[in-house]
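Peer 1: No letters, just coordinates:
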């Protein structure tokens, strides 16, 4: 449990990012372009000393547009983007996604099935003083072990094959990650779906037991994993923006 909890926290680390003048920088760099891999500052992060395969993130043309393809095959990984000096008002996240190959073995309610074919996460810098004692100590240990700063609260939007849309739940390994199912078993496959979320409202919905105000937003990640179920999934994400 300790190793997986630490890993769940480590997925939130994006490293340092150089600040640029606000007027000359989009808050979220598009993860797609002419190259076959996502451009910086996006980068793939995994578990500490990961030996299992990494989830594969690639850029390709699909139906006349450049999109991000996410393939998990008994793998784990997240494509992360740091955010620096973000204004408090920039809390509207939108993206398009589609699921082509779901993971029928996933079960977000239990550790053995805690895999997602695609998820989009927003990371917040919740003060340590707001965390329960056990979580606070685990996070401190994880930060010391990583040698880096680890954000303390994550809101993840998931596409799931079993839970109905609108379900909210804690991650099976750690309450520092809390999830909302946006698309469930009734969602059509091979079709693009547009999502638009108010990150501040969703943070307060999921973390309202620990905070009454919204802390700094410090990063966004796109992920998929199939390491617990040893299965495969394929999904796509496009047009992710932070307004």
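Peer 2: Everything's here; your move. Remember, it's a predicted structure, so these values are computed and weren't measured experimentally.

Peer 1: Next, count neighbours for residue 196.
Peer 2: Per other CB atoms under 10 Å, the neighbour tally for residue 196 reads 10. The way it works is simple: take the backbone N, C-alpha and C, and place the C-beta from them, glycine included.

Peer 1: thought it was touching residue 91?
Peer 2: No - counting by CB atoms under 8 Å, residue 196 stays clear of residue 91, with 11.7 Å between them.

Peer 1: Surely residue 49 is within a helix?
Peer 2: No - under DSSP: H, G, I helix; E, B strand; the rest coil, residue 49 sits outside any helix and is assigned coil.

Peer 1: Can you show me the strands along this structure?
Peer 2: Using DSSP state E, the strands of the chain run over residues 43-45, 56-62, 65-73, 76-82, 92-101, 119-125, 153-159, 168-170, 177-183, 193-198, 216-225, 232-242.

Peer 1: closest one to residue 110 among those?
Peer 2: strand 168-170 (11.1 Å; CB to CB).

Peer 1: Leaving out sequence neighbours, find the closest residue to residue 50.
Peer 2: Excluding the flanking residues, the one nearest residue 50 by CB to CB, 6 or more residues apart in numbering is residue 76, at 6.8 Å.

Peer 1: Near that neighbour, how many other residues are there?
Peer 2: Neighbour tally, residue 76, other CB under 10 Å: 22.

Peer 1: right, and it touches residue 48 too?
Peer 2: No - using CB under 8 Å, residue 76 is not in contact with residue 48, being 11.2 Å away.

Peer 1: For the closest residue to residue 57 other than its chain neighbours, list each beta-bridge partner.
Peer 2: Distances taken as CB to CB, 6+ apart place residue 79 nearest to residue 57, at 4.8 Å, with adjacent residues excluded. Assessed by DSSP bridges, residue 79 has beta-bridge partners residue 44, residue 222.
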